Structure formats: C-alpha cells, structure tokens
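Trainee: sequence and predicted model, in that order:
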Amino acid sequence: METIEYKGEVMKIALNYLVLKEADNNIVIIPNKTILESPLKNYSQTSKMRVVLEVGVSYDTDLEKVRQITTDLIKDRFGNERIKENAEFYFTEFGSSSINFMCRFWIYGESGLAKLKARSRLIIELKKAFEEEGIQIPFPIRTLEFKNQEVLEPTISI
C-alpha cells in the first residue's frame, strides 16, 4: 500500500489508525482520517504492474538498433503469455548529453518489490546488451572555459 509519503505492507488495521511496515523495516502508524483524505495505492488489488525505465544513449547511436535491442530484450526476458500488451518504447527528448528514451512493460507481481526487482534486472541486462553492441549510455559532460585574466594586486587604503 502507498499513501501520502509512505509505502509498505499493511500490518494492522484498527478502528482509528493503520500500521504500515516500510521496506526498511520502519513501522509507521497513520491515522485513518489521513488515509481517508489522501490518495491510496493498493498493490494487492491487482497482480498486473507496469514497469517504466528511462535511459539515454549517445548521439552517434543507431536509434532503430536501440529500439530493437530494448524491445527484444523485454519480450525475451519479461514476456508473459497472459499479458497481451507488447513492450512500449518511445524516444522522449534530446538531452544535454544523450538522446533519451522510455520503455514500459507489464509484469505480474503483488508488491512494489516485484516491480523494483524487474526494473533492476532490466537495467543490468540492458547495460550488458548495449555493451555487447557498442552502444554507450553517456554521463553528463560539462565544459568549463577559463579565460586568461590579468591578476591584479590588492590595494589597501588607509
């Protein structure tokens, strides 16, 4: 369950509060009034979850190749006969150091942890696939330019 800034497993529902156990094992007690007045995500209501990953590739990359590698990898590693939707892939922007894209796909899972594990697995496997094909995931590059300026002696006035 997720509400306001808290996310975790519901441990107890009482008359006037709810007890939530977060992933870091912290226990949070939330007044029911707060929950009733705030948006609520209930991960246990459906077992189908969407995983979203945003990545950037260098400007000199064959973008069609990137699309093909990414969608093939998702279909091969995360494909599920019960899920009819295909992996979605969209280029989203020309970034400062990369051309960025977003991919989305569905998995079956009953907790935020399943989504996190799938996303982590995709990151590892996508990096390996890109390295095998010589595709770079660049890091931001900053160029600093210093002009030669004359150094002035400090003046002291009394």
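Mentor: Sure thing, it's come through.
Trainee: what is the one helix or strand T70 maps to packed up against?
Mentor: Here T70 sits within helix 63-78, counting by DSSP states H and E. For helix 63-78, the packing partners by 3 or more Cβ pairs under 8 Å, 6 or more residues apart in numbering; DSSP states H and E come out as strand 48-57, strand 88-94, strand 99-108, helix 112-133. Yep, even glycine has a C-beta here, placed from its N, CA and C like the rest.
Trainee: could you list the domains of the protein?
Mentor: The record assigns the chain these domain ranges, following automatic domain parsing: 2-41, 45-133.
Trainee: could you dump the helix holding T70 to CSV, C-alpha only?
Mentor: What follows is helix 63-78, C-alpha atoms only, in CSV (Å, rounded to 0.1, in the frame of the first residue of the first chain):
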residue,chain,number,x,y,z
LEU,A,63,18.4,4.7,-32.7
GLU,A,64,16.5,1.9,-34.5
LYS,A,65,19.0,-0.6,-33.2
VAL,A,66,18.4,0.7,-29.7
ARG,A,67,14.7,0.3,-30.1
GLN,A,68,15.1,-3.2,-31.4
ILE,A,69,17.5,-4.4,-28.7
THR,A,70,15.4,-3.0,-25.9
THR,A,71,12.0,-4.3,-27.1
ASP,A,72,13.5,-7.8,-28.0
LEU,A,73,15.2,-8.0,-24.5
ILE,A,74,11.9,-7.1,-22.8
LYS,A,75,9.9,-9.6,-24.8
ASP,A,76,12.6,-12.4,-24.3
ARG,A,77,13.2,-11.8,-20.5
PHE,A,78,9.9,-10.4,-19.3
